[in-house]
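S.K.: sequence plus the predicted model coming up.
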Amino acid sequence: MKSKFATPLILIILIGISCYTRAQEKPNQTSTVQSLNKFKLYLLGVGIEREQKISSSSSIYFGAAIESVVPFYPIQPLDDSDIVGITKSFNFAPVFSGGFKNYYNLSKKAEDGKITANNSANFVGFEYNLIAPILINGRYVTRYFSSFSPTWGFQKNTLKNMNIEFVIGPSFQTDFDRSRISVLARIGLSYLL
């Protein structure tokens, strides 16, 4: 009779001890922003980036990448039609970027005991991109165009030297002849160098 209950009781005690000791471990945490060098692999692109701490919750960054770009410009309606057509194509282009991030919940996550290593938090910011000329459909080359975007996003530390990053926001794009409103969206992995 005793052996029937002894094995489950010992198992429950061992599980309880392991849960208690695991809860006492402190994850790698910081309540301030860290400066990071990143090699980034986007859903459709690759790049490098330097994120430099400028305050306890803010950073500036600059980088270069080869990213997917979908240049589309409205076609003027023909005849008396009110319908606007869209030309679009899918291309890869060199992109030079710079921006600002404010990690608004970094200290709260640290207080709650959540992992904050490698700037693992939500942020708001502003991003500027300079997109180099690209060949569209093998027919014509675009000019340099600029993109100005307020952004929201998050970084989530997955491994010791790896982050998942997501950024989204409206984007005002111009080549200083034509302008448009578009969407900036990026998801990918960052390997910390």
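M.R.: Happy to help now that I have it. Numbering: from 1, shown residues only.

S.K.: so V69 sits against N129, correct?
M.R.: No. If you go by Cβ atoms under 8 Å, V69 and N129 don't touch, sitting 9.5 Å apart. Bear in mind the C-beta positions are built from the backbone N, C-alpha and C, glycine included.

S.K.: what do the two both touch?
M.R.: Residues touching both V69 and N129 (Cβ atoms under 8 Å, 6 or more residues apart in numbering): V95.

S.K.: what's the spacing between F154 and D177?
M.R.: Computed as Cβ to Cβ, to the nearest Å, the F154 to D177 distance reads 36 Å.

S.K.: show me the shaky parts of the protein.
M.R.: Along the chain, segments meeting pLDDT under 70 span 1-30, 70-90, 135-142.

S.K.: ranges for the strands of it?
M.R.: 36-42, 45-53, 58-69, 72-75, 85-88, 91-102, 122-131, 135-136, 140-141, 145-159, 162-174, 179-192 (DSSP state E).

S.K.: what are the pairing partners of the second one, and which direction each?
M.R.: Here strand 45-53 is paired, per DSSP bridges, with strand 36-42 (antiparallel), strand 58-69 (antiparallel).

S.K.: F176: how many residues sit nearby?
M.R.: 9 (other Cβ atoms under 10 Å).

S.K.: good, wrapping up.
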